[in-house]
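Undergrad: Could you look at this predicted model? Sequence included:
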Amino acid sequence: MRSPSHSDSTFEVFAHETLTGLLCAFIDDKKAARTGGWSLGSWSRRLGLASASSLSNVLKGRAVPSDNLTTKIAETMDLAPVEREYLSVLVEIARERSPSSNRRVELRRRSAALRASARTERIGTTEAEFMTSAPWPFIIRELANLRDFREDPEWMANRLKFPVDREAIAESLSVLLRFGLLARTKDGELKLSAPIRETEPDRESESTRAYHEMSAKLAEEAIRTTPVEARDFSSLVLNVRHESMPEMKRAIERFRQEFCGEFDQTDGTGEDVYQLNLQFFPVTRSIP
């Protein structure tokens, strides 16, 4: 994601995982753009600092900005709301001196979730109908990012733990390319196209219902065929309020983002494709 004011620059907020890295990259971008009248000193004055030394200490990691200064930094950088939240998380991480503290681990997960969210894009209705026609289009897309990937329907069919027709695999590859869900490098090799793609939440259609039915069957098979050390199945039963449903769905979404941000291997080093199904539904009914 890029802030609107940086639409003509190379500055990417979520490309940086530390506060100093983010701020220094912003400065480098400003210098490269040769923005008239911009300097470290002028930025410091806009931030209401007495001198550039205070900002310099932040850039060198010798000091951490206060909440008030963090707000001003976000304003002068013209960050979007989600980018401001990311900046605040990086500030909180910088304040945590213990690298192994529970608070730091939690903040790291939140920053990873925000990065994952930033590179997530909703797919259109036509693409969604195709992607939810069966579980394997999403899985085939992820296969392309495995470190041992081969663009061979026979290899891909053998790599899958459930039977898929070779012709269906070849067709899926063709459609994934046509929709821009996969792309080719200059060398002609398949690769994942950024950002991460997902369907609209609470999307109601027959294909979506069929998709989740088939995904549930895959999970059912995995219970019997996958060793317990290579999977994780759990169940939780709890009492809830009906009005809490939107909030509970958001909590599950945050978990998905954090899980994806922490464990999704986007650099081509993945060894297997896994699917995570979160099953949360009422098991009681109201009696009038």
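TA: It's in.
Undergrad: Now tell me which helix or strand of the chain has the poorest mean pLDDT.
TA: Least confident element among the helices and strands of the chain, by mean pLDDT, DSSP states H and E: strand 196-198 (a mean of 54).
Undergrad: Provide the contact partners of the helix or strand that R141 is a member of at residue level.
TA: Assessed by DSSP states H and E, R141 sits inside helix 136-143. If you take C-beta atoms under 8 Å, 6 or more residues apart in numbering as the criterion, helix 136-143 is touched by 130-131, 149, 156, 159-160, 162, 164, 168-169, 172-173, 175-176, 181-182, 192, 270, 273, 275. All C-beta atoms are positioned from the backbone trio N, CA, C, and that covers glycine.
Undergrad: who's in contact with L173?
TA: By C-beta under 8 Å, 6+ apart, the neighbours of L173 are I140, E151, P153, L182, L190.
Undergrad: Would you mind checking these for buried ones?
TA: I140, P153, L182, L190 (16 or more other C-beta atoms under 10 Å).
Undergrad: And the furthest pair within the residues you listed?
TA: Using C-beta to C-beta, the buried ones among the contacts of L173 span at most 14.1 Å, a distance reached by P153 and L182.
Undergrad: ok, and for stretch 39-56, which residues are buried?
TA: Buried, per 16+ other C-beta under 10 Å, within stretch 39-56: W43, S44, L47, L49, A52, L55.
Undergrad: before we move on, the earlier item: tell me which of the buried ones among the contacts of L173 is nearest to S111?
TA: Out of those, the member with the shortest distance to S111 (by C-beta to C-beta) is L182, at 27.8 Å.
Undergrad: re the thing from before, and the contacts of L173 as JSON lines, adding distance to P246?
TA: Below are the contacts of L173 laid out as JSON lines (distance: C-beta to C-beta, whole Å):
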{"residue": "I140", "distance to P246": "33"}
{"residue": "E151", "distance to P246": "42"}
{"residue": "P153", "distance to P246": "42"}
{"residue": "L182", "distance to P246": "34"}
{"residue": "L190", "distance to P246": "38"}
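Undergrad: per-domain residue ranges of the chain.
TA: 4-118, 125-263 (automatic domain parsing).
Undergrad: what separates the spatially closest residue to N57 that is not a sequence neighbour from D165, distance-wise?
TA: If the residues on either side of it in the chain are set aside, N57 comes closest to A63, at 4.1 Å by C-beta to C-beta, 6 or more residues apart in numbering. Distance, A63 to D165, by C-beta to C-beta, to the nearest Å: 61 Å.
Undergrad: Equivalent analysis for L69, please.
TA: 59 Å.
Undergrad: about what we covered before: turn the buried ones among the contacts of L173 into TSV, including pLDDT.
TA: Converted to TSV, the buried ones among the contacts of L173 look like this (pLDDT from 0 to 100):
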residue	pLDDT
I140	86
P153	90
L182	87
L190	87
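Undergrad: Tell me which entries of the residues you listed lie within strands.
TA: L182, L190 (DSSP state E).
Undergrad: circling back to that earlier point, who has more neighbours, A63 and D165?
TA: Legend: neighbour count by other C-beta atoms under 10 Å for A63 and D165, higher for A63 (15 against 11).
Undergrad: where's that one relative to L79, distance?
TA: 20 Å.
Undergrad: tell me which element the residue nearest the centre of the chain falls in.
TA: Nearest to the mean C-alpha position of the chain, counting by C-alpha atoms, centre = their mean, stands A116 at 1.6 Å. Using DSSP H and E, A116 maps to helix 102-118.
Undergrad: Take that helix, keep the C-alpha atoms, and write them as CSV.
TA: This file holds the C-alpha atoms of helix 102-118, laid out as CSV (Å, rounded to 0.1, in the frame of the first residue of the first chain):
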residue,chain,number,x,y,z
ASN,A,102,5.3,-11.2,25.3
ARG,A,103,4.3,-7.6,24.5
ARG,A,104,7.0,-7.4,21.8
VAL,A,105,5.9,-10.8,20.3
GLU,A,106,2.3,-9.6,20.3
LEU,A,107,3.3,-6.3,18.6
ARG,A,108,5.3,-8.2,16.0
ARG,A,109,2.3,-10.3,15.2
ARG,A,110,0.2,-7.2,14.8
SER,A,111,2.7,-5.5,12.5
ALA,A,112,2.8,-8.7,10.4
ALA,A,113,-1.0,-8.8,10.2
LEU,A,114,-1.1,-5.2,9.1
ARG,A,115,1.4,-5.9,6.3
ALA,A,116,-0.6,-8.9,5.3
SER,A,117,-3.8,-6.9,5.3
ALA,A,118,-2.1,-4.2,3.2
